[in-house]
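> Structure for the following, please:
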Amino acid sequence: MNVNSLLPVVNNDSSANTQIITLMFRPLIWIGTDLKIDWKQSIAQKITVSPDRRQFTIRLKPWLWSDGKPVTAEDTLACLRMIQGFGARYANDGMGGMPDIIDKAVALNERTLQITLKRPVNPIWFELNGLSQLIPVPAWRWKKYSIDTLFKLQDKAGMVSVVDGPYKLARFMPGRSIDFVRNPQYSGAQPHLQQLRFKMYTSDSGAFWALKSGVIQAGMIPHYLYAARWMVKNLNTCVSNGGYGFNYVTLNFTNPKVAFLRDVKVRQALALAVNQTQIIKTAFHGLGVPSFNPVPTNPDTYLSPEMKALVANPASVYNPTKAKQLLAAAGWLPGPDGVRVRHGQKLMLTMLVPDVSQTLVAVSELLEADWRGIGVDMRIRILPFNLELAKLHPHGKWEASMIVWSYNPDYYPSGDGLFNASGGSNYGDYSNPKMDQLISDSAQENGIKALYAYENYAYEQVPVIFLPYPEYMVKYARNVTHDQLITALYSVGCEAQRPQ
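Below you'll find the predicted structure:
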């Protein structure tokens, strides 16, 4: 992936930009790979919540910028003002209620800030989805710049000469590479690696050959090149979960050509016909986990007991016989060519697939075969990722589309933005008052029971077709220890596990 921004807030929120920025600018609270606050890695020392669940008082640790100045409450509020000033251009606008949910934000002293909300909330939701967006910035250096100027300067190395993260920028060659050196003034535990270089490649295969030739010391093996892993058998191996997210097929509920998708029986039939075990075995080469709702499987921190039971026995969810029965009950009967028909209309749709990964194409072909088996004619249309995103809006002409969703910075997977009627990423305009209420409850009520109710209901209602989520084989040079690799991956929010 390409890195084209070095600054918080004003970037496009791509995974590459987010991870690179995080090396230099540490978030107020660091969310660990178990999806809970890692206080050792956080700049925040503690968070105190008022009894009415509206006021959050955050105490900072004694933390330093790389020039020796202290990181202050005012530096944190400067980030909030950037978010407010950037407005609708902010990529995470609305997530965790930010910034509109905030009624007042003040610095009580140099190391304490207090944020008051307009309404009571579930504290876990606001901490993991709202406060997680706050990244202290060097306010005394950036205060002379307007938000529009910061946007224009987001790729300028001179803007990041003072940082508070584990690494400092050494060299940035856009489109080619970005180099870091360890920050000697870092207030957290010093990282194992003294230097980090990320090289940017235009293709997975290009990165693979760089790994094979030793140009890079660590890299992922794309699933479609899994058979070629013997070519780098001299390297060590571990498996990464690739981040916290889920894969799905979003459905257009506003396109009259596929109005049948509004029928929950049809959606349930499509879900029952997806052989997730086969997809993991065939497209992911065994590296993946099943998923039947919008709360990710790995790690399963927020997965309900009911969903954990399904994940443990994915074969129980694959039931093409029941899928056929549901379609028949909905009036869709087999036609002479095997495609089901109702009132003269064939049960057919076209699915958009982004060209960013041959693995996604392989998954789409398996889905095509699964759905053909129950009488659904699904056509595949491969197109550039940016074009796919441009098409994904309600009342568009698209019918279905494959999406990869990553929860970052919305680490508490409550569904706001995704499946509520007003959600900014509710591409197909799915609308269900009960779903809206359950999503709202998960963000406002104390505890996790409301989240469990939401994810269980999403499994029943199938607002999208949920797909298995891949894991990735990472190869790394023998002179890089497993602990060093874990530190490097953890510093950008990924989890490395199972050395092999």
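> Can you tell me how far the closest residue to residue 113 other than its chain neighbours is from residue 60?
Spatial nearest neighbour of residue 113, excluding adjacent residues (Cβ to Cβ, 6 or more residues apart in numbering): residue 73 at 3.9 Å. C-beta coordinates here come from the backbone N, C-alpha and C atoms, glycine included. Remark: distance between residue 73 and residue 60 (Cβ to Cβ, to the nearest Å) = 6 Å.
> what residues are shared contacts of these two?
Taking Cβ atoms under 8 Å, 6 or more residues apart in numbering as the contact rule, residue 73 and residue 60 both touch 111-113.
> who wins for neighbours among the residues you listed?
When neighbours are taken as other Cβ atoms under 10 Å, the top entry among those is residue 113 (25 neighbours).
> Mind splitting the chain into its structural domains?
As given by automatic domain parsing, the domain ranges for the chain are 15-152, 158-239+474-497, 245-470.
> Show me the shaky parts of this structure.
487-500 (pLDDT under 70).
> Relative to its centre, which residue of it is most distant?
Most distant from the centre of the chain: residue 336, at 43.1 Å, with distances by Cα atoms, centre = their mean.
> I'd guess that one is in a helix, am I close?
No. Looking at residue 336 with DSSP: H, G, I helix; E, B strand; the rest coil, it is coil, so not inside a helix.
> Could I get the contacting residues of the closest residue to residue 418 other than its chain neighbours?
The shortest distance from residue 418 to any non-neighbouring residue, by Cβ to Cβ, 6+ apart, is to residue 425 (5.4 Å). Residues in contact with residue 425 (Cβ under 8 Å, 6+ apart) are 405, 417-418.
> Give me the phi and psi angles of residue 425.
In terms of degrees, to the nearest 10, the main-chain angles of residue 425 are phi -110, psi 20.
> Same check on residue 145?
Per degrees, to the nearest 10, the backbone of residue 145 is at phi -100, psi 140.
> ok, the residue nearest to it when sequence neighbours are not counted to residue 377 distance?
The shortest distance from residue 145 to any non-neighbouring residue, by Cβ to Cβ, 6+ apart, is to residue 153 (7.0 Å). Relative to residue 377, residue 153 is positioned 51 Å away (criterion: Cβ to Cβ).
> Burial check on residue 310, number of neighbours?
Using other Cβ under 10 Å, the number of residues around residue 310 comes to 19.
> Mind listing what's buried along the helix or strand encompassing it?
Residue 310 belongs to helix 305-312 when assigned by DSSP states H and E. Using 16 or more other Cβ atoms under 10 Å as the test for burial, helix 305-312 gives 307, 310-311.
> same thing with stretch 373-382?
Quick answer for stretch 373-382 (16+ other Cβ under 10 Å): 374-378.
> quick one: terminal-to-terminal distance for stretch 57-64?
Stretch 57-64 has an end-to-end distance of 21 Å (criterion: Cα to Cα, to the nearest Å).
> Report the distance from it to the chain centre.
For stretch 57-64, the separation from the chain centroid amounts to 27 Å (computed by Cα atoms, centre = their mean, to the nearest Å).
> Not counting its own residues, what contacts that stretch?
Contacts for stretch 57-64 (Cβ under 8 Å, 6+ apart): 28, 42-50, 70-73, 76, 108, 111-115, 131, 136, 164, 185, 187.
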